[in-house]
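Chemist: Structure for the following, please:
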Amino acid sequence: MTETVQKVKLSQWDALLVESLRSLGWSDDELLRRVEAGELPVDESEYEFDYAQLAVLAGEQPETFRQAVTQGYQIKYNTIRGIRSWISVALGKQAELELEEGKEAAEVALTEAEKDRLASVLSFGWQITGGPSGTGGTGVYRIEPIQR
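Modeler: Reported below is the predicted structural model:
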């Protein structure tokens, strides 16, 4: 019998902080060490991340933080704008948002691996539709709430 490992849950903001540090090229070990030591950069991106929040999480819930970095995480609650931000920070892609009430969604061109990575972190209640068109391996995917 196979056991499924329950991923730890992070807030959408904490997930963005982790992915922002990963985008600096830090390995999991380096990310863990630097956050725990408080050796955090000053973020000058459009998000103006304050990484001190991650240091607090690492101090208060060290095992949760370690598991999130080394084994992956699921976001507790996503918003459509938060999904767009995660795609931008984690995957370096710009998603287009549709914000009309009842049709809220994000659309973005992703590889299958990028789509799988996004699917692994999305909170409950979201679905990804679409897929590769042709032989390039990249497809346009739509991320939207399951129920409207």
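Chemist: How far away from the center of its chain is stretch 68-85?
Modeler: Distance, stretch centre to chain centre, for stretch 68-85: 4 Å (CA atoms, centre = their mean, to the nearest Å).
Chemist: oh, I was asking about stretch 28-36
Modeler: That offset, for stretch 28-36, works out to 18 Å (CA atoms, centre = their mean).
Chemist: List the neighbours of that stretch that are in contact with it.
Modeler: The set of residues external to stretch 28-36 that reach it, using CB atoms under 8 Å, 6 or more residues apart in numbering, is 18, 21-22, 26, 39-40, 51, 54-55, 58-59, 62, 65-66, 69-70. Where C-beta positions appear, they are placed from N, C-alpha and C, glycine not excepted.
Chemist: and with 7 Å instead?
Modeler: 21-22, 26, 40, 54-55, 58, 66, 69-70 (CB atoms under 7 Å, 6 or more residues apart in numbering).
Chemist: hmm, which of those are the buried ones?
Modeler: The neighbour count (16 or more other CB atoms under 10 Å) marks 21-22, 26, 40, 54-55, 58, 69 as buried among the contacts of stretch 28-36.
Chemist: which one of those is nearest residue 9?
Modeler: Among these, residue 69 lies closest to residue 9 (CB to CB), at 13.8 Å.
Chemist: Nearest residue to the closest one in space, ignoring adjacent ones along the chain?
Modeler: Closest residue to residue 69 apart from its sequence neighbours, by CB to CB, 6 or more residues apart in numbering: residue 28 at 5.1 Å.
Chemist: What residues sit buried inside stretch 102-112?
Modeler: Residues of stretch 102-112 classed as buried by neighbour count (16+ other CB under 10 Å): 104-110.
Chemist: could you give me the average pLDDT of it?
Modeler: Computed over stretch 102-112, the mean pLDDT rounds to 95.
Chemist: follow-up on the earlier one: return the distance of the residue nearest to residue 69 relative to residue 133.
Modeler: As defined by CB to CB, to the nearest Å, residue 28 lies at a distance of 34 Å from residue 133.
Chemist: The two: which has the busier surroundings?
Modeler: residue 28 (13 against 10; other CB atoms under 10 Å).
Chemist: where are the low-confidence patches of this protein?
Modeler: 1-5, 134-136, 148 (pLDDT under 70).
Chemist: Restrict stretch 32-50 to CA atoms and write it as PDB.
Modeler: Taking C-alpha atoms only, stretch 32-50 is exported to PDB below (Å, rounded to 0.1, in the frame of the first residue of the first chain):
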ATOM      1  CA  LEU A  32      17.200  27.100   4.600                       C
ATOM      2  CA  ARG A  33      20.500  28.300   6.000                       C
ATOM      3  CA  ARG A  34      20.200  31.900   5.000                       C
ATOM      4  CA  VAL A  35      16.600  32.300   6.200                       C
ATOM      5  CA  GLU A  36      17.400  30.600   9.500                       C
ATOM      6  CA  ALA A  37      20.500  32.900   9.900                       C
ATOM      7  CA  GLY A  38      18.600  36.000   8.900                       C
ATOM      8  CA  GLU A  39      20.900  36.600   6.000                       C
ATOM      9  CA  LEU A  40      18.200  38.000   3.800                       C
ATOM     10  CA  PRO A  41      18.400  40.300   0.800                       C
ATOM     11  CA  VAL A  42      16.500  43.500   0.300                       C
ATOM     12  CA  ASP A  43      14.000  43.000  -2.400                       C
ATOM     13  CA  GLU A  44      13.700  45.700  -5.000                       C
ATOM     14  CA  SER A  45      11.200  44.000  -7.200                       C
ATOM     15  CA  GLU A  46       7.700  45.300  -7.800                       C
ATOM     16  CA  TYR A  47       6.500  43.100  -4.900                       C
ATOM     17  CA  GLU A  48       8.900  44.700  -2.300                       C
ATOM     18  CA  PHE A  49       9.100  41.400  -0.400                       C
ATOM     19  CA  ASP A  50      10.000  41.600   3.300                       C
END
